[in-house]
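>>> got a sequence here, can you build the structure:
(4 chains)
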Number of protein chains: 2
Amino acid sequence: MRVQSRVLNAVEQDLKKAGFPPLAWYDALLELSRAPTGELRPVELEKQMLLPQYSTSRLIDRLVDEGLAARRECKMDKRGQFVEITEAGRELQKKMWSAYSAVIEKHVGSKLSDADAIKLCGLLDRLGCCSGGETPSLAAKDGALAR
Amino acid sequence: MRVQSRVLNAVEQDLKKAGFPPLAWYDALLELSRAPTGELRPVELEKQMLLPQYSTSRLIDRLVDEGLAARRECKMDKRGQFVEITEAGRELQKKMWSAYSAVIEKHVGSKLSDADAIKLCGLLDRLGCCSGGETPSLAAKDGALAR
DNA sequence: TCAACATTGATGCACATGCATCAAGTGCGC
DNA sequence: GCGCACTTGATGCATGTGCATCAATGTTGA
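Numbering: from 1, shown residues only, chains lettered A, B, ... in the order given. I've put the predicted structure just below:
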């Protein structure tokens, strides 16, 4: 808990100093940009990001306000909607990644060998396994770098 | 990050369902109860808990409101004060620990062998080492259990 | 000694979050 | 086809957090 709080804090702080929005924005933009069509249902986003429903709803509000994403109606389910990333959103995601990756390297990568990182992922995965479901497992580190 | 968020969430949720206050209260009470005299300067608490100054100040407000701690004047430095845990505070800390330890066991202990837990601590310590200072290191797991 | 600076702790204000609840829409069983 | 339970997403309200700043005291150095 202490380590996580310290590291996350340091990372958020560095990003803020570089003039970027909070990490949650990046995570959302990343998920959207990874979707094959560039759009997701809020419900999907919610599950990806481990956020409560209302929190997702408000995050989307902000992204839309800033022109980083757009709400699209969902024809097969009129309750729902799609959230689509805009060009501006994709650009911000990329710019944030170049800063973010450097910050991660500084606070995490530089302190752990690749082998250690893999060990760490393995141990942590065991803690997450109960309610998570789909076992993302060991692709974790490479996945992160491929962001 | 995902694992931490999931585990912390689960733990906080379980504690809340059992009718207990947030974990931060426990952490504060624990630090106070561990102090030889049962009192600490807010500044000390702040460092122990990795909390911003104003956050500590407000946490203390709430503890005092609930009669779990009391503010005492500090004679050697009239700006400052001491925060002293009350009997009620010590009792709550103990009651919370019996629930808390069970919850930790459920969400963490039961998923990791002792050897793995030590490995995990070792790896995490390396991430925390930059700004932390006093290297609490490997006593981590035993320390936790001795709470 | 005294001015400049640092430390301690509190607080006003804007903004974020959690909770409960709502409206709208879906789909299932009958 | 109809009622009823469920899903989806938004929102009002109370509470919590972050930031900036303040008042009070302590410390340092010329």
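>>> which bits of chain A sit near DNA strand C?
A:24, A:52, A:54, A:55, A:58, A:59, A:62, A:77, A:78, A:79 (Cβ under 7 Å from any atom of the strand). Every residue, glycine included, has its C-beta placed from N, CA and C.
>>> just the buried ones among the residues you listed, please.
Among those, those classed as buried by neighbour count (16 or more other Cβ atoms under 10 Å in any protein chain shown) are A:24, A:59.
>>> which of the residues of chain A next to DNA strand C sit farthest apart?
A:24 and A:78 (28.1 Å; Cβ to Cβ).
>>> and the residues of chain A next to DNA strand C as TSV, adding distance to chain B and secondary structure?
Listed next are these as TSV, based on distance: Cβ to the nearest Cβ, whole Å; DSSP: H, G, I helix; E, B strand; the rest coil:
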residue	distance to chain B	secondary structure
A:24	11	helix
A:52	10	coil
A:54	15	helix
A:55	12	helix
A:58	18	helix
A:59	15	helix
A:62	20	helix
A:77	28	coil
A:78	32	coil
A:79	27	coil
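>>> give me the subset of the residues of chain A next to DNA strand C touching DNA strand D.
Okay, of the residues of chain A next to DNA strand C touching DNA strand D (Cβ under 7 Å from any atom of the strand), that's A:54, A:58, A:77, A:79.
>>> just the closest of those residues to residue A:89, please.
Of all these, residue A:89 sits closest to residue A:58, with 16.8 Å by Cβ to Cβ.
>>> so who does the closest one touch?
By Cβ atoms under 8 Å, 6 or more residues apart in numbering or on different chains, residue A:58 lies in contact with nothing.
>>> what's around residue A:61, how many residues?
Counted with other Cβ atoms under 10 Å in any protein chain shown, the neighbours of residue A:61 add up to 12.
>>> can I get the helix or strand that contains residue A:118 as PDB, trimmed to CA atoms?
Secondary-structure assignment from DSSP states H and E places residue A:118 in helix A:114-132. Listed next in PDB are the C-alpha coordinates belonging to helix A:114-132 (Å, rounded to 0.1, in the frame of the first residue of the first chain):
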ATOM      1  CA  ASP A 114      13.000  -7.300 -16.500                       C
ATOM      2  CA  ALA A 115      13.200 -10.600 -14.600                       C
ATOM      3  CA  ASP A 116      12.200  -8.900 -11.400                       C
ATOM      4  CA  ALA A 117       9.400  -7.200 -13.100                       C
ATOM      5  CA  ILE A 118       8.100 -10.500 -14.300                       C
ATOM      6  CA  LYS A 119       8.300 -12.000 -10.900                       C
ATOM      7  CA  LEU A 120       6.500  -9.000  -9.400                       C
ATOM      8  CA  CYS A 121       3.700  -9.400 -12.000                       C
ATOM      9  CA  GLY A 122       3.400 -13.000 -11.200                       C
ATOM     10  CA  LEU A 123       3.100 -12.500  -7.500                       C
ATOM     11  CA  LEU A 124       0.600  -9.600  -7.900                       C
ATOM     12  CA  ASP A 125      -1.500 -11.600 -10.400                       C
ATOM     13  CA  ARG A 126      -2.200 -14.100  -7.700                       C
ATOM     14  CA  LEU A 127      -3.700 -11.500  -5.500                       C
ATOM     15  CA  GLY A 128      -6.000 -10.200  -8.200                       C
ATOM     16  CA  CYS A 129      -7.300 -13.500  -9.400                       C
ATOM     17  CA  CYS A 130     -10.500 -13.900  -7.400                       C
ATOM     18  CA  SER A 131     -12.900 -11.400  -8.700                       C
ATOM     19  CA  GLY A 132     -11.100 -10.300 -11.900                       C
END
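>>> many thanks, I have nothing further to ask.
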